[in-house]
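S.K.: sequence first, then the predicted structure:
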Amino acid sequence: MTDGISRLGRYFEKRRERGEEGLPTLSVTLDRGLVHRDSLDRRTDTNLKPEEHLRVRKGDIAYNMMRMWQGASGLAEEDALVSPAYVVLTPKKDVDPRFAAYLFKLPELIHRFWAYSYGLTDDRLRLYFNDFKRIPWEFPPLAEQKKIADILSTWDKAIETTGKMFANAEAQKRGLMQHLLTGKRRLKGFEGREWKEVSFSDVVQVSKSRLDPTEEHEPLPCIELEHIEAGTGRILGTTSSDQQASIKAAFSPGDILFGKLRPYLRKYYAPSFNGVCSTEIWVLKPDARKLTTGFLHVLVQSDGFLAEANRSSGSKMPRADWKVVSAFRFRLPDTDEQTAIADAIETFATEAGLLKRQRELLEEEKRALMQELLTGKRRVENME
């Protein structure tokens, strides 16, 4: 280049080395970078021979040229094989590979990847190396790159550790649920008490109370499916009933909400206020004489209940079938033991929730730090 502007071609070369037998095969993912192909859930079989793959060496960066505009790139931690549809970049001597890998996840640079990609529609966009190397960007000195990479790596380790702690707490919660809800394990003081087998409809009814937002009513909090976080029972927000046009289901404290649309998403919530919700959400009302709200809350999270809820009707938009769920049979302790069981499980759920939120906060703080460090808004020499 003769315009004096630094471009990515100044910092990277393209590797076109053939693969060879005996090396693992890696795939680029959006969220995890380069991972072993056999660790992916989706089917990724290939008929290509090893020598028909590209070789990526430790410290290289591979990107999917059809999805680079979405940030599909990853740093190689080992010598391996990758798809010939990828581009393999070799950082030059004045580039720290870890710094470059972080940089390629920066929203501003991802936008440039999109701007320099070619295709009639987004799903046909491709970023070829000849266009990649034209993208303008200025790298800091190598020593500063390494320091930035060290700082961000420390955050990654904290995020990973917190994530493992969350996964462990969540596994303990689910294991405790499995034992306590089935009676395989009894809490101290409740040994020997009789449990009764009941069907779900014996102790729970779906509320038929409805509210028409177009009629004059005092505005109420309105919960839609997108307001409930999948798998955690955490509420992410609400809207107002006076901003709605369709009929809503009414709920009150003591009810349990369960998303019947796509029940495999495990969307449930225990409200502490009066409000309305989408009719794609069941408002479950427990018979207070037989079933506590707390026990119902943990019951709708159990494997047994979810298995019945997922015996749904419809393929593109599956919905839980009340006829199926209402017949779900389970063993029920007395209300005192129900309360004790719900409290015990809630303790683990609270711990898991706090760890999940802690991980999210670390991720948010890391993104903010990346924005400052990778754009030069904050220089590392000022962080001593």
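M.R.: Structure's in. What do you need? Numbers count the residues shown, from 1 in each chain.
S.K.: residue ranges with poor pLDDT in this structure?
M.R.: Residues of the chain meeting the criterion pLDDT under 70: 1-4, 41-46, 313-315, 381-384.
S.K.: could you pull out the helices for it?
M.R.: Assigned by DSSP state H, the chain shows helices spanning 97-103, 107-115, 129-132, 142-182, 200-203, 293-299, 303-309, 322-326, 335-374.
S.K.: in CSV: those, plus mean neighbour count and distance to residue 7.
M.R.: Glycine gets a C-beta too; all of them are placed from N, C-alpha and C. Conversion of these to CSV gives the following (neighbours: other CB atoms under 10 Å; distance: least, CB to CB, whole Å):
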stretch, mean neighbour count, distance to residue 7
helix 97-103, 21, 14
helix 107-115, 15, 10
helix 129-132, 17, 9
helix 142-182, 16, 17
helix 200-203, 18, 64
helix 293-299, 23, 57
helix 303-309, 17, 52
helix 322-326, 15, 59
helix 335-374, 17, 17
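S.K.: which one of the ones you listed lies closest to residue 28?
M.R.: helix 97-103 (11.6 Å; CB to CB).
S.K.: out of the helices of the chain, which is closest to residue 67?
M.R.: Ranked by CB to CB, the member of these that lies closest to residue 67 is helix 107-115, at 9.5 Å.
S.K.: I would like the residues contacting that closest one, please.
M.R.: Here helix 107-115 makes contact (CB atoms under 8 Å, 6 or more residues apart in numbering) with 68-71, 103-104, 125, 127, 132, 135-137, 371, 375.
S.K.: any chance of a markdown table for the helices of the chain, columns distance to residue 257?
M.R.: A markdown table is the format used below for the helices of the chain (distance: least, CB to CB, whole Å):
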| stretch | distance to residue 257 |
| --- | --- |
| helix 97-103 | 40 |
| helix 107-115 | 35 |
| helix 129-132 | 48 |
| helix 142-182 | 19 |
| helix 200-203 | 16 |
| helix 293-299 | 10 |
| helix 303-309 | 13 |
| helix 322-326 | 14 |
| helix 335-374 | 16 |
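S.K.: if any of the contacts of helix 107-115 are buried, give me the ChimeraX selection for them.
M.R.: In ChimeraX, this line selects whichever of the contacts of helix 107-115 come out buried by 16 or more other CB atoms under 10 Å:
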select :68,69,71,103,104,125,127,132,137
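S.K.: ok, so of the contacts of helix 107-115, who is nearest residue 257?
M.R.: When the contacts of helix 107-115 are compared for distance to residue 257, the smallest value, 33.6 Å, is given by residue 70; criterion: CB to CB.
S.K.: hang on, isn't that closest one packed against residue 30?
M.R.: Yes: A contact is recorded between residue 70 and residue 30 when judged using CB atoms under 8 Å, the distance being 6.0 Å.
S.K.: out of everything not next to it in sequence, what's closest to the most centrally placed residue in the chain?
M.R.: With the centre of the chain defined as its mean C-alpha position, the nearest residue by CA atoms, centre = their mean is residue 230, 8.9 Å away. With sequence-adjacent residues excluded and distances taken as CB to CB, 6 or more residues apart in numbering, residue 230 is closest to residue 265, at 4.5 Å.
S.K.: quick one: contacts for that neighbour?
M.R.: 230, 231, 259.
S.K.: got JSON lines for those, with distance to residue 55 too?
M.R.: Conversion of the contacts of residue 265 to JSON lines gives the following (distance: CB to CB, whole Å):
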{"residue": "230", "distance to residue 55": "39"}
{"residue": "231", "distance to residue 55": "40"}
{"residue": "259", "distance to residue 55": "47"}
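S.K.: residue contacts, residue 60?
M.R.: Residue 60 makes contact with 15, 75, 76, 88, 89, 90, 91, 97, according to CB under 8 Å, 6+ apart.
S.K.: apart from its neighbours in sequence, what residue is nearest it?
M.R.: Spatial nearest neighbour of residue 60, chain neighbours left out: residue 76 (4.8 Å); criterion: CB to CB, 6+ apart.
S.K.: tally of neighbours for that neighbour?
M.R.: 22 (other CB atoms under 10 Å).
S.K.: quick one: residues contacting the spatially closest residue to residue 348 that is not a sequence neighbour.
M.R.: Closest residue to residue 348 in three dimensions, ignoring its sequence neighbours and counting by CB to CB, 6+ apart: residue 173, at 3.8 Å. Taking CB under 8 Å, 6+ apart as the criterion, residue 173 is in contact with 345, 348, 349, 352.
S.K.: quick one: end-to-end distance for stretch 241-259.
M.R.: End-to-end span of stretch 241-259 (CA to CA, to the nearest Å): 18 Å.
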